[in-house]
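> I'd like to go over a predicted model; first the sequence, then the structure.
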Amino acid sequence: MRTEKELDGVTLLGNMHTEYKSDYAPEVLETFENKHPENEYLVTFHCPEFTSLCPKTGQPDFGKITITYIPRERLVESKSLKLYLFSFRNHGDFHEDCVNIIMKDLVRLMNPRYIEVIGDFMPRGGISILPFASYADSEHEPMRQQRLLARMAAV
């Protein structure tokens with residue numbers, strides 16, 4: 001079981017008075033200590049109900065966001081990630097921007113060894129958009145390039 005010290009900074013989990021931000025809110029993201037930094041392992045989150053707004057029309061856009069990363073010293077706390085992703089509901093940006101913003105915010109937050117964020121947005125005007133953004137430290141750069149090439153080949 002984790003100690004109180006290890007849970008220091010995790011304030012949203014178990015909080016009965018959750019506040020849902022009405023616009024983009026990276027400040028809600030929280031982390032906790034990785035008890036296994038010597039191991040390389042993947043953490044994956046699926047958000048099947050991601051919404052944002054078209055920056056031009058204000059129309060809602062619906063999609064799925066998948067985040068996969070190899071942690072280093074810190075991991076993102078899942079409730080804070082949920083609230084962060086929900087904060088995009090009234091945020092006007094293109095799909096590609098949302099995916100890159102999410103990736104960059106999580107890199108700043110956790111400094112992971114590797115991270116990828118994939119968007120799978122519902123068609124609008126008959127066209128689906130599937131943006132993919134990734135980051136890797138120098139040791140994992142070959143993997144990042146391989147994953148990017150694999151995504152390109154799959155499309």
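Thanks, I have it.
> so how far is residue 151 from residue 62?
Here the distance between residue 62 and residue 151 works out to 21 Å (Cβ to Cβ, to the nearest Å). Yep, even glycine has a C-beta here, placed from its N, CA and C like the rest.
> count of residues packed around residue 44?
9 (other Cβ atoms under 10 Å).
> excluding residues flanking it in the chain, which one is nearest it?
Using Cβ to Cβ, 6 or more residues apart in numbering and skipping the chain neighbours, the partner closest in space to residue 44 is residue 68 (4.5 Å).
> what does residue 109 give?
With Cβ to Cβ, 6+ apart, the residue lying closest to residue 109 is residue 29, at 5.2 Å.
> wait, that neighbour touches residue 108, no?
No: Residue 29 lies out of contact with residue 108 (Cβ atoms under 8 Å); the separation is 9.1 Å.
> those two: which has the busier surroundings?
Higher neighbour count among residue 29 and residue 108: residue 29, with 20 against 10, using other Cβ under 10 Å.
> phi and psi next, for the more buried one.
In terms of degrees, to the nearest 10, the main-chain angles of residue 29 are phi -70, psi 130.
> distance of it relative to residue 128?
From residue 29 to residue 128 the distance is 28 Å (Cβ to Cβ).
> how about residue 48?
Going from residue 48 to residue 128 by Cβ to Cβ gives 15 Å.
> residue 86 sits in which helix or strand?
Assigned by DSSP states H and E, residue 86 falls within helix 78-86.
> any buried residues in that helix, and which?
Neighbour counts over helix 78-86 (16 or more other Cβ atoms under 10 Å) mark 79, 80, 81, 82, 83, 84, 85, 86 as buried.
> would you confirm that the fifth one contacts residue 22?
No: in this structure, residue 83 sits apart from residue 22 without contact. The criterion is Cβ under 8 Å, and the distance is 11.6 Å.
> and the contacts of the lengthiest helix in the chain?
Counting by DSSP state H, the longest helix found in the chain is helix 95-110. The contact list for helix 95-110 (Cβ atoms under 8 Å, 6 or more residues apart in numbering) reads 24, 26, 29, 31, 50, 52, 61, 63, 65, 67, 69, 71-72, 74-76, 84-85, 88, 91, 93, 112, 115-119, 121, 129, 131-135.
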